[in-house]
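Colleague: no letters, just coordinates:
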């Protein structure tokens with residue numbers, strides 16, 4: 001009894017909640033990360049909260065109802081809006097701690113650093129690459145894409161890759177699914193504002209923007225791209241997986257959908273180049289801590305673990321993420337994963353100048369919608385002069401710019 005009295009008593013286990021999205025396979029990877037964290041931190045339990053469809057709307061309701069998860073997986077489009085509302089904890093010191101051994105690559109840092117601060121720790125932030133059906137290219141007498149291949153070259157070769165409108169003997173029904181329009185803007189070196197973080201003036205009425213819209217229209221006019229009705233009926237990545245598409249643009253997150261599931265050989269390459277070079281667009285995901293978490297220190301400990309190099313090693317094994325740390329992204333551990341053989345292409349999209357967004361700040365989603373809506377107009381109303389399309393975009397952007405925009409919390413906790 002005396003000896004028993006000398007045994008230190010453990011405190012109560014604290015449970016934190018972690019909201020996220022993802023496939024069943026992805027959730028298995030998350031569970032493995034949680035299990036390792038709990039093993040190393042026996043006083044903390046992490047309860048996964050997969051919210052599924054309408055993820056952002058559900059989180060918004062939780063914030064309003066003061067019932068948000070302790071740890072939140074956040075996609076870049078809502079990062080700034082929620083940071084400005086004060087619902088995300090400043091994690092700058094935590095970022096500094098996990099990057100002592102290895103720095104972040106330039107794009108993940110640019111994507112989430114705001115006035116020298118971070119309101120979430122990046123766990124994934126790579127850009128789009130070109131998934132290429134090698135058998136389709138070979139059957140068309142085309143070499144696999146080489147360094148420096150261009151959008152104009154892809155447009156010229158599209159009839160050879162399109163059985164529906166081009167070469168009846170082509171292996172694929174269509175050459176490509178039209179990618180996100182900002183990819184064309186990036187390739188042209190177009191700037192819609194005078195600054196991508198603190199805009200004061202709309203600059204969209206410039207030759208590079210006009211050229212991007214013009215290329216978009218010419219690409220659709222080739223009739224070698226997937227029509228909207230076909231995409232609505234047969235999906236997007238499914239068309240590539242099923243051998244109906246020669247080129248598909250996405251990031252590493254699509255690898256599990258293709259690995260071992262195609263009847264043809266495929267590989268990844270940099271996106272085609274424009275006047276500004278081979279510049280793509282990127283996504284981005286962080287883990288954040290709710291500012292009103294009941295267990296803020298425990299939540300921060302889990303976020304640091306997940307976003308650390310140790311956590312990154314575990315998350316990249318699921319096949320969807322690319323590590324945001326320079327040494328891991330270009331190291332043998334990540335580059336040895338197969339498929340594809342060109343794993344390094346995912347890493348290169350995080351280097352300076354290789355991928356970008358049009359704007360980083362509050363209202364990112366609104367700005368993106370304006371640009372995409374004008375791209376849609378250019379496609380569905382070919383009779384409207386491009387000058388009018390661009391002018392309409394400038395008017396909308398100016399209205400948005402004239403509105404008061406929220407600011408980030410002025411002080412750190």
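Modeller: Noted; the coordinates are in hand. Computed from a prediction, not measured in an experiment: that's the story for all the values here.

Colleague: just want the most central residue of the protein.
Modeller: Centroid check for the chain by C-alpha atoms, centre = their mean gives residue 283 as the closest residue, at 1.8 Å.

Colleague: who are the contact partners of that one?
Modeller: Contact analysis of residue 283 by C-beta atoms under 8 Å, 6 or more residues apart in numbering lists 75, 76, 124, 125, 126, 127, 251. All C-beta atoms are positioned from the backbone trio N, CA, C, and that covers glycine.

Colleague: how about 7 Å then?
Modeller: By C-beta atoms under 7 Å, 6 or more residues apart in numbering, the residues touching residue 283 are 75, 76, 125, 251.

Colleague: for residue 111, see how far away it is.
Modeller: In this view, residue 283 and residue 111 are 9 Å apart by C-beta to C-beta, to the nearest Å.

Colleague: including distance to residue 54 and pLDDT, could the contacts of residue 283 go into CSV?
Modeller: Converted to CSV, those look like this (distance: C-beta to C-beta, whole Å; pLDDT from 0 to 100):
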residue, distance to residue 54, pLDDT
75, 13, 95
76, 18, 96
125, 24, 98
251, 23, 98
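
Colleague: need the residues touching each of residue 283 and residue 111.
Modeller: Common contacts of residue 283 and residue 111, defined by C-beta under 7 Å, 6+ apart, comprise 76, 125.

Colleague: filter the contacts of residue 283 down to the buried ones, ChimeraX style.
Modeller: Of the contacts of residue 283, the buried ones can be selected in ChimeraX as follows, counting by 16 or more other C-beta atoms under 10 Å:
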select :76,125,251
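
Colleague: so which of the contacts of residue 283 sit within helices?
Modeller: residue 76 (DSSP state H).

Colleague: how is this protein partitioned into domains?
Modeller: Here the domain assignment for the chain is 15-126+283-345, 129-281+358-402, based on automatic domain parsing.

Colleague: first-to-last residue distance for the last one?
Modeller: Just to be clear, that refers to domain 129-281+358-402. Domain 129-281+358-402 has an end-to-end distance of 35 Å (criterion: C-alpha to C-alpha, to the nearest Å).

Colleague: likewise for the shortest one?
Modeller: Distance across domain 15-126+283-345, first residue to last, is 39 Å (C-alpha to C-alpha).

Colleague: the bottom helix or strand of this structure by mean pLDDT?
Modeller: Across the helices and strands of the chain, mean pLDDT, DSSP states H and E gives its lowest value to helix 2-5, namely a mean of 44.

Colleague: and the helix or strand following that helix, which strands flank it?
Modeller: Scanning forward in sequence from helix 2-5 by DSSP states H and E, the next helix or strand is strand 14-20. Here strand 14-20 is paired, per DSSP bridges, with strand 44-50 (parallel), strand 71-75 (parallel).
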